[in-house]
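Novice: here are the coordinates; sequence isn't available:
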């Protein structure tokens, strides 16, 4: 979660493709990010986690904190759109159909207090370095997968070549092993009958 609009700007810029962004709809609020595990989608988020994120966003909105029946919007980080004409911390969306809403009727003190107790504040976080490290690891994984795919293709080609050799007459049909009728000695006796 960003502590102010400048930090929100860094979060917008250096978010991860696995991040889900949360914000109070049509009000100023903190930007809250939920990082999904590999292979998870926005549809896999448990409702209890959605509720926690929505409560956290509501709690960190000056106007939303005081208001009941607040809508919280959320979408994948990759759907956030930032143009040069936008103010610091302001975002739009590439595709409005990929934006979802959850209604927060009122503040649930137990949830907010639990989240505050488990809150970890990190100072001097280098979001760019974290993103670059993540991207480097992803590239390494992709290279390893590609290397393994090429190795499997190479082994399959070798196996096919060996199979083709076994099926051919190449090993049997050598000039040194060949004889013709002319090469056979004849003793003028006909053993045929």
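Specialist: Looks like it came in fine. In this text the structure is predicted, and so the values were computed from the model without any measurement.

Novice: outline the domain layout of the chain.
Specialist: Domain assignment for the chain by automatic domain parsing gives 5-123, 126-168.

Novice: and residue 151, how many residues sit next to it?
Specialist: 10 (other Cβ atoms under 10 Å). C-beta here means a position set from N, CA and C on the backbone, and glycine is covered the same way.

Novice: let's test this: mean pLDDT of the longest helix along the chain, rounded?
Specialist: The residue-count maximum for a helix in the chain (DSSP state H) belongs to helix 127-167. For helix 127-167, mean pLDDT is 93.

Novice: helices or strands up against that helix?
Specialist: The elements that helix 127-167 packs onto, with contact taken as 3 or more Cβ pairs under 8 Å, 6 or more residues apart in numbering; DSSP states H and E, are helix 5-14.

Novice: buried stuff in the helix it packs on?
Specialist: For helix 5-14, burial by neighbour count (16 or more other Cβ atoms under 10 Å) applies to 7-9, 11-12, 14.

Novice: can you redo the residues you listed as CSV with pLDDT and distance to residue 97?
Specialist: As requested, the buried residues of helix 5-14 are exported to CSV (pLDDT from 0 to 100; distance: Cβ to Cβ, whole Å):
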residue, pLDDT, distance to residue 97
7, 85, 29
8, 87, 24
9, 90, 25
11, 90, 23
12, 91, 20
14, 92, 25
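
Novice: tell me the one of those nearest residue 58?
Specialist: residue 8 (16.2 Å; Cβ to Cβ).

Novice: against residue 55, how distant is the closest one?
Specialist: Remark: distance between residue 8 and residue 55 (Cβ to Cβ, to the nearest Å) = 19 Å.

Novice: ok, now residue 142?
Specialist: From residue 142 to residue 55 the distance is 37 Å (Cβ to Cβ).

Novice: next one: residue 16
Specialist: 23 Å.

Novice: same thing with residue 157?
Specialist: Taken as Cβ to Cβ, the span from residue 157 to residue 55 is 57 Å.

Novice: check residue 155 too.
Specialist: In terms of Cβ to Cβ, residue 155 sits 54 Å off from residue 55.

Novice: tell me which of these two has more neighbours.
Specialist: residue 55 (22 against 10).

Novice: find the residue closest to that one in space, skipping its chain neighbours.
Specialist: Using Cβ to Cβ, 6 or more residues apart in numbering and skipping residues adjacent in sequence, the residue nearest residue 55 is residue 111, 4.6 Å away.
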